[in-house]
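Participant: coords below, sequence missing:
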């Protein structure tokens, strides 16, 4: 058995990417989406929403101390975590649908890594110049001018990264108050820690790692490759038009003699503008984020050499084969896959909207005391103890607690004066929960011989709204230990 030796590094050394500025339709779309998404992220914590007295007026707030999540008119409690599950399912389905329609458009236009990297690239170009100037500066080494550029660039990067981390923590506290506390060094230490962590990650990922995040760290390109099909639109180099590549002059000469000549003049502009350094002419690759900047660059060159635009365009694998066969292009955005994803999105969305529209502002939970399960009383009766928790998602209310399914039962609560009836009243403040220990006693002549299912109810004395939950009453005859 021979031993195999591998010489050289396992991974190719990283080649620094110097994306060139480009103008065109897809670049304008990316700038527009960048402005919209960053404006939402940075400004949303300062948007106010009046919820009434005693409640926070920040439109979007994760209130960890009180365990609440506020989103404009929606208020979610920890017990409603299933709404977040629904949102995650919706997000996944939307990603699947986007991929089925146009490949990795999420990666190219909306991914946070893409958005912040685009912003950092824009600052780099503004400070150091475009592609050629940056390459030349790196080759020339350090000088006073170069040092000034580097200090300016990294300072701006750190400021953006710092405000990115600062904006994130504003979603967890009242934004204007927290900004004031941060500036006067009176904010909680955990806020400074998280700002520091997010500042470091934003600066590292958007300023230094850049395309390496997309190629090596992000799992979505690998997942997307398994989900796509031949009908999905992807940024495509139309080989049938572009090959064979040659200079403009040579192509004109061949066309004058009715010989084949491709439109691609091998100018490398599609590579120069790519934020990940991909040569789209080699086909769909893991590093291609489908941003469309190579389309803008190629169209500009085609107009300069008086050739039709669209040599690089959003197209499907099906059409690549149809063009080679001399057939017209064919597009099917509506097909079984997209209909399935769209239907699932509509179904999950409808379920969530219905659940939000019909959810109750009152809930009740009960936990049976396990040690002991029951207590035998001296008069022959039996007592079971429970921990009752009432959730009041509305204004201050008083609730009458009762039990159904156990004749002769009497309810008592620790710390609440007893009543002559079989019911007791509990007051719960606005947007609060209240936990009460209650006892359910049954006279000796009415004790059941086996565990009995009961329903404990909480009735709003003002509106008559009722919330209920089920549990069991356990007698000694069931074999339990007193």
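Facilitator: Happy to help now that I have it. The shown structure was predicted, so the numbers you read here are calculated from the model rather than taken from an experiment. Numbers count the residues shown, from 1 in each chain.
Participant: secondary structure element for the closest residue to residue 207 other than its chain neighbours?
Facilitator: Excluding the flanking residues, the one nearest residue 207 by C-beta to C-beta, 6 or more residues apart in numbering is residue 157, at 4.8 Å. All C-beta spots, glycine's among them, are computed from the backbone N, C-alpha and C. Using DSSP states H and E, residue 157 sits within helix 144-170.
Participant: In the helix or strand just after that helix, which residues are buried?
Facilitator: Using DSSP H and E, the next helix or strand after helix 144-170 towards the C-terminus is helix 175-183. By neighbour count on 16 or more other C-beta atoms under 10 Å, the buried set for helix 175-183 is 175, 178-179, 182.
Participant: For my notes, confirm residue 427 occurs in a helix.
Facilitator: No. Residue 427: not assigned to a helix; according to DSSP: H, G, I helix; E, B strand; the rest coil it is strand.
Participant: thought it was touching residue 396?
Facilitator: Yes. In this structure residue 427 lies within contact range of residue 396 using C-beta atoms under 8 Å: 7.3 Å.
Participant: Helix 175-183 and the helix holding residue 157, what's the angle between them?
Facilitator: 130 degrees (axes from the mean of the first three to the mean of the last three C-alpha atoms, to 10 degrees).
Participant: Would you mark the buried spots in helix 144-170?
Facilitator: For helix 144-170, burial by neighbour count (16+ other C-beta under 10 Å) applies to 149, 153, 156-157, 160-162, 164-170.
Participant: now stretch 334-345
Facilitator: For stretch 334-345, using 16+ other C-beta under 10 Å, the buried residues are 337-338, 341-342, 344-345.
Participant: mean confidence for that stretch?
Facilitator: Average pLDDT, stretch 334-345: 93.
Participant: what's in contact with it?
Facilitator: The contact list for stretch 334-345 (C-beta atoms under 8 Å, 6 or more residues apart in numbering) reads 90, 93-94, 96-97, 100-101, 229, 231.
Participant: Residue 266: which of these is nearest?
Facilitator: residue 231 (30.4 Å; C-beta to C-beta).
Participant: Compute the number of surrounding residues for that closest one.
Facilitator: Residue 231 has 18 neighbours, counted by other C-beta atoms under 10 Å.
Participant: That one against residue 315, yeah?
Facilitator: No. In this structure, residue 231 is not within contact of residue 315 by C-beta under 8 Å, at 10.8 Å.
Participant: Quick check: neighbours shared by residue 427 and residue 396?
Facilitator: With C-beta under 8 Å, 6+ apart, residue 427 and residue 396 have no common neighbours.
Participant: in this structure, which spans are strands?
Facilitator: 60-63, 68-71, 74-76, 234-237, 312-315, 362-368, 375-376, 382-392, 397-404, 410-413, 424-428, 432-442, 452-460, 466-473 (DSSP state E).
Participant: Reformat these into JSON lines and put distance to residue 259 next to each item.
Facilitator: Below are those laid out as JSON lines (distance: least, C-beta to C-beta, whole Å):
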{"stretch": "strand 60-63", "distance to residue 259": "63"}
{"stretch": "strand 68-71", "distance to residue 259": "64"}
{"stretch": "strand 74-76", "distance to residue 259": "66"}
{"stretch": "strand 234-237", "distance to residue 259": "22"}
{"stretch": "strand 312-315", "distance to residue 259": "24"}
{"stretch": "strand 362-368", "distance to residue 259": "79"}
{"stretch": "strand 375-376", "distance to residue 259": "101"}
{"stretch": "strand 382-392", "distance to residue 259": "80"}
{"stretch": "strand 397-404", "distance to residue 259": "87"}
{"stretch": "strand 410-413", "distance to residue 259": "96"}
{"stretch": "strand 424-428", "distance to residue 259": "87"}
{"stretch": "strand 432-442", "distance to residue 259": "82"}
{"stretch": "strand 452-460", "distance to residue 259": "87"}
{"stretch": "strand 466-473", "distance to residue 259": "83"}
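Participant: Kindly compare burial across the ones you listed and name the winner.
Facilitator: Mean neighbour count (mean count of other C-beta atoms under 10 Å) peaks for strand 234-237 among the strands of the chain, with a mean of 23.
Participant: residues in contact with it?
Facilitator: Identification of contacts with strand 234-237 by C-beta under 8 Å, 6+ apart yields 102-104, 228, 264, 270, 280-281, 283-284, 288, 290-292, 294-295, 311-317, 320.
Participant: From the residues you listed, list the buried ones, please.
Facilitator: Buried residues within the contacts of strand 234-237, counting neighbours by 16+ other C-beta under 10 Å: 102-104, 228, 264, 270, 280-281, 284, 288, 290-292, 294-295, 311-317, 320.
Participant: Those in helices, which ones?
Facilitator: 102, 270, 294-295, 317, 320 (DSSP state H).
Participant: in the sheet, who's paired with the residue nearest to residue 356 when sequence neighbours are not counted?
Facilitator: Spatial nearest neighbour of residue 356, chain neighbours left out: residue 74 (6.6 Å); criterion: C-beta to C-beta, 6+ apart. Legend: beta-bridge partners of residue 74 under DSSP bridges are residue 71.
Participant: Relative to residue 174, how far out is residue 74?
Facilitator: The gap separating residue 74 from residue 174 is 18 Å, by C-beta to C-beta, to the nearest Å.
Participant: now swap in residue 284 and tell me
Facilitator: Residue 284 is 47 Å from residue 174, by C-beta to C-beta.
Participant: any idea of the pLDDT on the nearest residue to residue 265 once chain neighbours are set aside?
Facilitator: Spatially, and ignoring its direct neighbours in sequence, residue 265 is nearest to residue 248 (5.4 Å; C-beta to C-beta, 6+ apart). pLDDT, residue 248: 82.
Participant: can you list the weak-confidence ranges in the stretch 51-200 of the chain?
Facilitator: When residues are selected by pLDDT under 70, none of them lie in the stretch 51-200 of the chain.
Participant: swap the cut-off to 90 and go again
Facilitator: Within the stretch 51-200 of the chain, the segments meeting pLDDT under 90 span 51-57, 63-70, 73-84, 102-105, 135, 137-146, 185-187.
Participant: And the closest residue to residue 41 other than its chain neighbours, how far from residue 376?
Facilitator: Spatially, and ignoring its direct neighbours in sequence, residue 41 is nearest to residue 167 (6.0 Å; C-beta to C-beta, 6+ apart). As judged by C-beta to C-beta, residue 167 and residue 376 stand 61 Å apart.
Participant: same check, this time on residue 427
Facilitator: Distance from residue 427 to residue 376, counting by C-beta to C-beta: 33 Å.
Participant: thinking again about what came up before, which among the strands of the chain is found nearest to residue 24?
Facilitator: strand 312-315 (11.3 Å).
Participant: ok, residues contacting that closest one?
Facilitator: If you take C-beta under 8 Å, 6+ apart as the criterion, strand 312-315 is touched by 102, 233-238, 270, 280, 292, 294-295, 298-299, 329.
Participant: at 6 Å instead, please
Facilitator: 233, 236-237, 280, 294-295, 298 (C-beta atoms under 6 Å, 6 or more residues apart in numbering).
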